[in-house]
Structures are given as structure tokens and as C-alpha cells.
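Q: Got a sequence here, can you model it:
(chains A, B and C)
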Amino acid sequence: MAQARTTTAATTRGAVDAREARIGSGARIRGRIQGEGDLVVEGHVEGDLALRGDLTIAEGASIAGDTVEAASVTVAGSLDAEVTATGPVRLAASARVRGNLRGSAVSIEDGARFSGRLDCEFDLPPELGGSSRGEARGRPAARR
Amino acid sequence: MAANGNVSVIGRTTRVRGRITGAVDLEVQGFVDGEVAVAGDVTVDAHGMVGASIQGRRLVVRGAVRGDLLGEESVLLEDGARVVGDVRAPRVAIAPGALVRGFVETGEGERGAARTARVAAAATPARPPAAVVPARAPAAAAPPAPASKPAPKAAPALAVAGGAAGTNHAPHRRPPPPVVPALKKAKGQLAKKRER
Amino acid sequence: MASTVIGAGITVEGEITTDEDVVVAGTVRGKLSAKEGVAIEHGATVEADVVSGSLVVAGSLTGNVTAIERVDLQSGARVVGNVKAARVTIADGAQFKGNVDMEV
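A: Have a look, this model is predicted:
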């Protein structure tokens, strides 16, 4: 478990209890972030995130880590991680994302830069093979 | 879509078992059980289905595809699209409601570099990537601020799409070294000159 | 009104099956089965057996034809193959080589 170490003001370790938490644009965080609510990242995070709420990565912000988990993920900045969301994952036009995305729905705006896998759950019509998923239903990490 | 009558349509009840190629735009309303590789734009309608890969200039998918989508310019997946396969194009847009299972990559990539070299050799060098650049300028011009991990890995790949110079492509675009016709007779001498 | 159009410049290699009309201005190699009408336009190349409700040919066709209603070869058509239909017309200027079988 990585310890939280900060090079500037903000520090986050353990549960973030505010309903909406924010990592300001001047903050750099190295470590693991866990939270019950929503989180807006305007600074730079190196590490894993596990949120119950919604994650927003603002333009100019960045997250780099192994795993990012949240209810929904909206990216306008930079993200390099495996993303697992129970809800939607949205990449805005300014997003630069690398990693596999898993969510109930994934949308990518024209102009976004992305490299990675998308794994939505759905079936093709029977003429195209129906529900034969082809690949094994493994965790994204196995395919990295 | 070209409105000049040069659009081919695979109608709603039509089923093609085989390949479709050509220098036209194509609209698939029915079922194509085979590869599509055309020079123009390809649209797969809401009821359309394609069972293999699709290659074209601009792809718009509203229906179902089991195969890779390779767009020379762009790929757009609209609400209702269902795609199992890889998606690659300089620009990729996936609307909410489109469902994808596969690898997705925006930007030129190696495939794009090869194509860019071909286009450069043929006619206008910088246009295909440059066409993308102006629209992307705000995103590309913004300093790649994050000093964190993504920057070193991502920067080269992103710079290709965003940089007008196309630094990664420069080697492809430099004209080949001039061949001096007079030396064609003496192969040995020519080889010596090349080694220089 | 045609519902499937294989435009000039398109090549289809394989089987085409449809309930609609088909207009071929490009190239088809393989097999073509349509419930309604098929039109092979001037400049088109079809190397396939054709089964359709009706057929109009102004381009090039190599293959056997079975049409329920009628087959019309227009001036400029070049057809090599056997034609079987209730009615067959071959216009002046059409080139044709094959058997014609008009069942009544």
C-alpha cells in the first residue's frame, strides 16, 4: 500500500469524507486515494484511485496509476490507468487517455486521444454470432 | 456521402456473402458477410450488419459490426452501434449509446505512417495529417503539462497527430537520395556512392 | 426504384441475395439472386449466374440467367450464357451467345 507523499499543499490519504472533494491544480499527489463521494482532480495524481462516487479529471489535470475505480469517470485531461466504472466513462475532446476502459457505457468525443481497450457488455445480433463473446471474460489487467 | 450518384447501397433485404471493394462510397442497410475495403466513405445503417472488417476513408456505424474498423480519416460510432473488433483512425468519436468491445486507438499509428508516406510520394505531403491539426490545435497547443508518467510514453504518439511537422513522419517524407543516371552503367561506382 | 445499387467502381466478389431490386453499375463476380428486378447498366461487368424476377442488361454479363418473368438485352449488351425466362427480348446491337429457353 503506497504511502501518501505530497510535494505541495494538498494531501489525501484514506477516506475523503466531503461530499465533493477536489484536488486543486497546484497539487501533486503520490499515493492511493479512496473516497466515498465524488472527486474532481485538477492537479496531478500518481497512484490508484478507488471512489464510490463520480470522478472528474479536469483539462490540464492528470492521473497516472494502475487502477482507477469510480461510479462514473469524466476525463478532460490526461489519464493513464485501467479504468473500471459502474456507470458511464466519458472522454471529452481534450482528453488524452491510455489504458483499458470498462463501464456501463463509454463515449469518446471527436478530438480525444485514446489508446486502449473498451469492454462494454452487449450481444451482437444472431447473424453476427450473437452472444459468443470470443474473448474470455477475464479482468482487463490480464489483457494489458 | 457523395451526392454525385457514386454511392453504392446494399439494400435492407440484401445479403452479400463476399468481399466488397472499390473507389466509391458505400451504404450498408443489409448484411455484408465479408470484408469491405473501399476508398470512399462507409456508412452502416441502424439495421445494417457487417461480419468482417471495414476499411474506408470515413466510417460511420449505427448498426452491428463484427470486425475491425479502419478509417483513413475518421471513425464515428453513433448511438445504437454495436462493434466487436478494433477501431483505428486518426479521429475516433464514440457517442453515448454506442457499444464497443475491442481495442480503440486514435491518431495515425504505424498504419497511418505508411499511408502518409504513400500519399506523400503520390501528391500533397502534409495535407492528410494537417487537416486534422487545425481542429486539434487547442488541445495540442496546450502544454503537455503533466510531468507524470503519461507524458514520456504518450508524447511521441500524440505529437504525431498534433504536430504539423509530423516529426515521426519526417523520414518518410524526405525525398529519396537522388540517383545519378550517368552512373547506371557502372554499378560498382553506384554502390560506392550509395554507401557514402 | 432500386434499393440495392452496386455503383460504378465497386467490386463485389461473392454472393448477393436480396428481396429488392438491384442495379449493377460496377463489377459483380459470383452469384446474384434477387426476387425483383435486376438491371445491369452500361459499363457494368457481371460474371455470375443471375436468378431474378426480371433482368435488363445493357452491360456485360457472363453467366447463366434464370428469370421468372422477362429478360431484356438492350443495345450495347454483351451476354454470354444461357437464358431461361418466360419472355426474352434481344435488341438490335446487343451481342448474345448462349441458349434461350422460353418456357410458357
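
Q: Contact partners for the residue in chain A that chain C sits nearest to?
A: When you check chain A against chain C by Cβ to the nearest Cβ, the closest residue turns out to be A:Glu127, at 12.8 Å. Bear in mind the C-beta positions are built from the backbone N, C-alpha and C, glycine included. Listed by Cβ atoms under 8 Å, 6 or more residues apart in numbering or on different chains, the contact set of A:Glu127 reads B:31, B:33, B:49, B:51.

Q: and with 6 Å instead?
A: Counting by Cβ atoms under 6 Å, 6 or more residues apart in numbering or on different chains, A:Glu127 makes contact with B:31, B:49.

Q: I'd like the distance between A:Cys120 and A:Val97.
A: Distance of A:Cys120 to A:Val97, computed by Cβ to Cβ, to the nearest Å: 16 Å.

Q: Neighbour count: those two, which is higher?
A: Each of A:Cys120 and A:Val97 has its neighbours counted (other Cβ atoms under 10 Å in any protein chain shown); A:Val97 has more, 27 against 20.

Q: That one pairs with what?
A: Beta-bridge pairing for A:Val97 (DSSP bridges): A:Leu79, A:Phe114.

Q: Please tell me how far it sits from A:Asp123.
A: Distance, A:Val97 to A:Asp123, using Cβ to Cβ: 26 Å.

Q: One more: C:Asp49?
A: 36 Å.

Q: same question, C:Thr18
A: Distance, C:Thr18 to A:Asp123, using Cβ to Cβ: 26 Å.

Q: Tell me which of these two has more neighbours.
A: Per other Cβ under 10 Å, whichever of C:Thr18 and A:Asp123 has more neighbours is C:Thr18, with 24 against 15.

Q: isn't the more buried one right next to B:Thr13, touching?
A: Yes - using Cβ atoms under 6 Å, C:Thr18 is in contact with B:Thr13, at 5.4 Å.

Q: Whichever residue of chain A sits closest to chain B: neighbour count?
A: Minimum separation of chain A from chain B (Cβ to the nearest Cβ) falls at A:Ser62, amounting to 3.3 Å. By the measure other Cβ under 10 Å, the count of residues near A:Ser62 is 27.

Q: so what's the backbone phi/psi at it?
A: When read as degrees, to the nearest 10, the backbone of A:Ser62 gives phi -150, psi 150.

Q: Run through the bridge partners of it.
A: The partner residues for A:Ser62, given DSSP bridges, come to A:His44, A:Ser78.

Q: Could you pull up the contacting residues of B:Val42?
A: Neighbour list for B:Val42: B:26, B:54, B:56, B:59 [criterion: Cβ under 6 Å, 6+ apart].
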